[in-house]
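Peer 1: Could you work out the structure for the sequence below:
(3 chains)
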Amino acid sequence: MTTQPQDTVISMQGVHKWFGDFHVLKNIDLEVKQGERIVICGPSGSGKSTLIRCINRLEEHQRGRIVVNGTELTSDTKNIEKTRRDVGMVFQHFNLFPHLTILENLALAPIWVRKIPRKEAEAMAMTYLERVDIAEQAGKYPGQLSGGQQQRVAIARSLCMNPSVMLFDEPTSALDPEMIKEVLDVMVELAEEGMTMLCVTHEMGFAKSVANRVIFMDFGEIVEQNDPHNFFNNPKMDRTQLFLSQILSH
Amino acid sequence: MNDIAPPRTNPFAADKILSAATQFLVVAAVLTGGYMLFVTTQGNLEARHIESGFTFLGHEAGFPIGDSLISFEASDSYGRAFVVGVINTFYVSVLSIIGATVVGVIMGVAQVSHNWLIAKLAEIYVEIMRNIPLLLTLLFVYGVVLAGLPSVRRSFEMFTGGYLNQRGLYLPRPLPLDGFGFVLAAALIALIGAVALIIWARRHHDRTGVAVPSVRIGFAMIIGLPVLTYFVVGAPLDWELPALKGFNFKGGLVFRPEFAALLLGLVVYRGAFIAENVRSGIQAVGKGQREAAAAVGLAPGRTMQLVVLPQALRTIIPSTTNDYASLVKDSSLAVAIGYPDMVSVGGTMIGQNGQAIEVIGMWMAIYLAINLVVSLLMNWANLKAQLVER
Amino acid sequence: MAEVFVAAPDLPPPPSTVGVIGWLRENLFKGWFNSTLTVLAVAFLAYAVPPLVSWFLIDATFIGDAETCRAAGGACWSFIGAEFKLFMVGTYPNEATWRALLSGVMLVVLFVATARHMMSPLVAAILWLLLPIPVYWLLGGGFGLEPVEPSRWGGLMLTLLLAVIGVVVSVPLGVLLALGRRSRFIAIKSLSIGIIELVRGVPMITILFMATIMLPFFLPEGVELGVLHRVQIGIIIFSSAYMAEVVRGGLQGVDKSQHEAAAALGLRGWHTTVFIVLPQALRDVLPPLIGRCIALLKDTSLVIIVGLLDFLGIAKAASQDPAWLGFDAEAFVFCAAIYWTLCFSLSRYGRSLERRGHGAFRD
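Peer 2: A predicted model of the protein is given here:
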């Protein structure tokens, strides 16, 4: 199925979310077009993780609309499952299935969700493992891999479902410094191949080199968004300036 | 350059002598103590005219046993009486293991349910049963619950031709006639067929991606085929009905209140502990696992089957095997309510001939043998359960 | 010049998602399966709870004799009140009951003092180990107090006595067995393993039978040991094996680096064990140790089978009293309530210890 380059992949309109009485997302309006690479940054507690988790319904929004690839996210399970097939997510703590081999981790969803025969699924899994440069670990278990290797496997696992959007929730925050680069390299390659990405991260170097939009969130709202050059050099809001001065000072 | 030889260990070094001497002393102390114990015991036994040795097992028992799976008369031997006890121990242990597992799994899963009411009720059940002694529960069930049953004359009659009263639950006993062999054959065929179906379904799924609900079909076959055969062959079962003769019912299958109380008490008590194991096993599987499964599109049922349960079982199985071992030991409480298990029967035997040492020895041997089997199973399960790590 | 960002105000959440309605939807009626379960559960409660409440409270008699109770039809709590002393201390002589009370007070005081860290762990351990001495004197008499036969000790007092003495003596024995199991001397190691596995592999009742029936055979002529003492010994033996396994877990859990650090300081084998490893091991396994205490408290109820009238035994016997016939349920319920309170409180305490970082897996 071909999509026009300017098609909107994700549309969030007037989205609000509460955790109990705590108003965690306030009036979020966001349009993500095909092929866009968006970095979301902000202080902790600003709601950035919650925002992207609403996109694949790991969190439920209470007001507003979220539409992903033409399907609106409601409590209808069919819509939720369809959305989750289209949207891939990479977690901060990898969340690989420890009781399955790397190959089985990747093949699990294609076999049971897309109902692909095992041999086909495993062959496809191997190609993705090769893509993230970790094919030789296919028979190992997650516990035998380093953090960076596990995260690359996690990325491959999401890619196996052929998503049209990839969500990254602080993918490098739990990694030792020397492993951050290998994961970022994979993400850069993905971006260059045209994958639509939303990335919550503190890696500002990645934002500057890869993103075509940077969104700054604070206290549940989108404070400012711009292309990286203008975002980092000419921040408009005082909050943004404060945040940038804090994180870029070291 | 000459190789320097390693220093020769001095067999007479001070600490070596010390350790050898300590071991020698310990062994000597144990042997001496053992010998003194032996002599004293001999003397005491003689003074009380108590026999030694196992020849008593051939003597006539002289007491009846109320609840036995094999035939037993008072004129049978002590040995046979003990065997009856051992069989009963196994019988009630196996049934209570099955029952407690069912209860435990249901209550454990209920505790992690999203439904607040169900979770709270399960929690209350678990917290109550775990903090009350088993014997108390047992005596309560036996003394209060079962005492509420009607007398023999006023038996509660059930539509299947069964009767419920203080002396027990009486049900018709099935007597197989000619032709019942076909039903058994059908059951066997269904079992083989179900297994073959499940294996084939897995291969089919691997090949084509199509999932066939083979487990459900298999179950239906195992139950349905024999039942169908039964009716087709013309219902080849006769029934021995319990009938009131004098003061008691005779005939049919009997489930005595002692047995029922013991079974119920054990199931309800251990079920709470197994529920705790199940609950903590499931909760130990991190939220992230469920989220990752959901993010990749797996439905909740598949998530449970493929991601949560395999990981949860790794902690549930070892601790539950422990509970099974405890259940077998707990069955010895039968002596408190008069169900003739191994300890009950043995206790009666000791009361009659005083040969406590032999009987206690037999108990220990059998319980230790059971424990050994359970230990081996647990070690095997533990090995299988280990996650492969670097 | 930067724009000042005006934050949007916090809004209250939509009513259908919070408050009572939101809670009900989320927790009780999420999906048809859950809703069905809720309905069934409520139906079950509606069926079971009202008769229980009327038995427990509404129709119950709190003051009055057996006749009044039977007439009222509900629970007869006055039975418990009338026989309260029996439940608490069995057939202990009335004039000496103050001694039982004093022992109980000493136990409670020591427990609270230990729990609140009012003294160093070493002092606490010593006090606990010494506790049996004044307790046995108070309960048994002699040396200035009127003697009371152990056969008259009963009720909750007896249960607590058996359990507390059981724990206090079995912990040091368990430590010895655990150390023995880790010994490099084959003889000691095999002996320890043999004892531990033998005792843990058999039901407690067989140990009690062994203690009550077989022990007299082992004693030389003229030496007599009362039933109570034989049973206490049996309980101690049984508990020691389980304590040994708990302690062994703790010893294994102490990091190897501790041994290395001690060796680097020049400490020899048993010094390391006693002064470095053991204190850490015991502190690490405090929660499971408390778990064993709870288990022992419940297990002492088995002594009714060998003829002692502990708390459960009294409950069973009291309902056979001709003056109060037919009130078994009340006796058992009262008994269960007390056991539950003790065990649940102990388990709460154990859990709070774990949270405060006494478990082996604290950070």
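Peer 1: Every contact and neighbour count from this point should use C-alpha atoms.
Peer 2: OK.
Peer 1: dump the residue contacts of B:G99.
Peer 2: B:G99 makes contacts with B:267, B:271, as judged by C-alpha atoms under 8 Å, 6 or more residues apart in numbering or on different chains.
Peer 1: okay, and for chain A, where does confidence drop off?
Peer 2: Within chain A, the ranges that satisfy pLDDT under 70 run A:1-6, A:249-250.
Peer 1: Which of the helices or strands spans the residue sitting furthest away from the middle of it?
Peer 2: Most distant from the centre of chain A: A:K119, at 28.3 Å, with distances by C-alpha atoms, centre = their mean. Taking DSSP states H and E as the definition, A:K119 sits inside helix A:118-131.
Peer 1: what angle separates the following helix or strand past that helix from helix A:118-131?
Peer 2: Per DSSP H and E, the first helix or strand lying C-terminal to helix A:118-131 is helix A:147-159. With axes from the mean of the first three to the mean of the last three C-alpha atoms, to 10 degrees as the basis, helix A:147-159 and helix A:118-131 are set at 130 degrees to each other.
Peer 1: Name the helix or strand for A:E60, please.
Peer 2: Per DSSP H and E, there is no helix or strand for A:E60.
Peer 1: Give me the neighbour count for it.
Peer 2: The local packing of A:E60 (other C-alpha atoms under 10 Å in any protein chain shown) involves 19 other residues.
Peer 1: So what does it look like in phi/psi?
Peer 2: Backbone torsions of A:E60, given as degrees, to the nearest 10, read phi -100, psi 130.
Peer 1: ok, for it, nearest residue in space, not its chain neighbours?
Peer 2: Sequence neighbours aside, A:C54 is the residue nearest to A:E60 in space, at 5.8 Å (criterion: C-alpha to C-alpha, 6 or more residues apart in numbering or on different chains).
Peer 1: All the strands of chain B, residue numbers only.
Peer 2: For chain B, applying DSSP state E gives strands covering B:156-158, B:162-165, B:168-171, B:173-176, B:237-240, B:243-245, B:248-250, B:253-255.
Peer 1: about what we covered before: surely the residue nearest to A:E60 is in contact with A:H61?
Peer 2: Yes: if you go by C-alpha atoms under 8 Å, A:C54 and A:H61 touch, sitting 6.4 Å apart.
Peer 1: Show me which of those two is the more surrounded one.
Peer 2: More crowded of A:C54 and A:H61, by other C-alpha under 10 Å: A:H61, with 22 against 17.
Peer 1: Leaving out the residues flanking it, which one is nearest to the more buried one?
Peer 2: Leaving aside its chain neighbours, A:H61 sits nearest to A:K17 (4.9 Å; criterion: C-alpha to C-alpha, 6+ apart).
Peer 1: and that neighbour, how many neighbours?
Peer 2: A:K17 has 26 neighbours, counted by other C-alpha under 10 Å.
Peer 1: again with C:N34
Peer 2: Number of residues near C:N34 (other C-alpha under 10 Å) recorded here: 20.
Peer 1: So for it, what's the pLDDT?
Peer 2: For C:N34, the pLDDT comes out at 83.
Peer 1: Tell me who's in contact with it.
Peer 2: Applying C-alpha under 8 Å, 6+ apart to C:N34 gives the contacts B:115, C:28.
Peer 1: what's next to the helix holding A:K119, contact-wise?
Peer 2: Contact with helix A:118-131 is made by A:103-104, A:106-107, A:110-111, A:135, A:138, A:153, A:156-157, A:159-160, B:205-209, as judged by C-alpha under 8 Å, 6+ apart.
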